[in-house]
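1. heads up, no residue letters with this:
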DNA sequence: CGTCCACAGGAATGACGGGCGG
DNA sequence: CCGCCCGTCATTCCTGTGGACG
């Protein structure tokens, strides 16, 4: 405990002294929109052309934008809309823009509330029917006579949970408006998201479509370079470190978000160690830490029975990795349940849980046939034993189980 | 060459909880 | 506020199957 405090003291001291690494850490956050977006010139121009008619008071086409995470969709849309709003103010066009993240908003109501507040309509946080708030939105829009451009980010998240009703209403809203027009920019991470939409909505919404391709390693390098200039002091970032960040992120579907995370975490690690330069070594460590944190969180947030299954695999794996079949796991799982006074699930269900863990990458399973001795699944751990120990030793309910001695397994071993 | 093991994994059904319309 | 509906999780019952063994 005392050691921890000392470590913290050091961190605080560093912080108070002022960073020797970071000039401006903010620009490495992924919600930051830079002034310059390398390698997205085409996309910016295209979106600019699509939305430009709004400046002359005519409505613009609806747009649907796809692309995986970290391909610059959000940044490009925010960038273009900001410029557009600026220009509109300059020339006195009645253009209003609104950017909503649907996943963060969570419900139709809150999306609509965001739209309302962007045209200066006050609505209560909650309490109104969705239809009511929609009417208010429409009435005020009409009376103000504006060209309204709505960007709905992570629109797939809202559709998956709530259905496409809101989108349907929004695409039809122009029919009842004379003075005003609404245009929609939909942004989706999911390429198959179109399948979830009502064809009528889809045809209205996708008057224009844009697909954002993943960045290549070289492109990522340019992006990182731009940000690094602002984020770090001169000479802090080694070229090798930057290249490695780009390469690692490129191998992971060209995710700029990941690349920036790597750079930021590498910087934090260097800072904490008191080093003056960010090296490839720091980046590797950052990669491990990000990876570790993700796995750690995913295990920690598992439902109880999934944890118990994982724990069973862990224990068997520790004793005898060659004997890790579904039946063995289930027996041990039953034992542990009894130990902990938890009523166990059926084998069918546990088999399903094993599959879920397999999909998550926490387990590796493959079907094997033992001929005369049946057909089953051989299961291994997908992550290091260390990290599983870390998670479970933090949890009071499980702490004592990690050193549990399986009865059924040792018995069977004695048999043979 | 058929048998039969030890499961895989599909289908139907039930229990539960949370949101929604009236 | 209540009943209703829907989605999720779990159980039950089921059919399917690769290959060593006899």
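-> Structure received. Everything numeric here is computed off the predicted structure, so don't read it as measured data.

2. Name the residues of the stretch 301-416 of chain A found near DNA strand C, please.
-> Where the stretch 301-416 of chain A comes near DNA strand C, counting by CB under 7 Å from any atom of the strand, the residues are A:303, A:305, A:344-346, A:348-349, A:352-353, A:369-375. To be clear about C-beta, it is placed using only N, CA and C from the backbone, and glycine gets the same treatment.

3. Now the buried members of those.
-> A residue is treated as buried here by neighbour count (16 or more other CB atoms under 10 Å); on that basis the buried members of those are A:305, A:344, A:345, A:353.

4. could these go into a markdown table alongside secondary structure and pLDDT?
-> Supplementary listing: these in a markdown table, determined by DSSP: H, G, I helix; E, B strand; the rest coil; pLDDT from 0 to 100:
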| residue | secondary structure | pLDDT |
| --- | --- | --- |
| A:305 | helix | 95 |
| A:344 | coil | 94 |
| A:345 | coil | 96 |
| A:353 | helix | 96 |
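
5. Need the residues you listed in JSON lines (columns: distance to DNA strand B).
-> Output for these, formatted as JSON lines (distance: CB to the nearest atom of the strand, whole Å):
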{"residue": "A:305", "distance to DNA strand B": "14"}
{"residue": "A:344", "distance to DNA strand B": "15"}
{"residue": "A:345", "distance to DNA strand B": "11"}
{"residue": "A:353", "distance to DNA strand B": "11"}
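
6. Check those residues and tell me the two furthest apart.
-> Distance extremes for those: the farthest pair is A:344 and A:353 at 11.5 Å, using CB to CB.

7. where does the residue nearest in space to the middle of chain A land in three-state SS?
-> Taking CA atoms, centre = their mean as the criterion, residue A:69 is the residue nearest the geometric centre of chain A, at 7.4 Å. Secondary structure assignment for residue A:69 (DSSP: H, G, I helix; E, B strand; the rest coil): coil.

8. In contact with it, which residues?
-> Counting by CB atoms under 8 Å, 6 or more residues apart in numbering, residue A:69 touches A:189, A:253, A:255, A:257.

9. circling back to that earlier point, tell me the one of the buried ones among the residues of the stretch 301-416 of chain A next to DNA strand C nearest DNA strand C?
-> Checking these against DNA strand C by CB to the nearest atom of the strand gives residue A:345 as the nearest, at 3.3 Å.

10. contacting residues around the closest one?
-> With contact taken as CB under 8 Å, 6+ apart, residue A:345 is in contact with A:305, A:353.

11. Having no further points to raise, I will conclude here.
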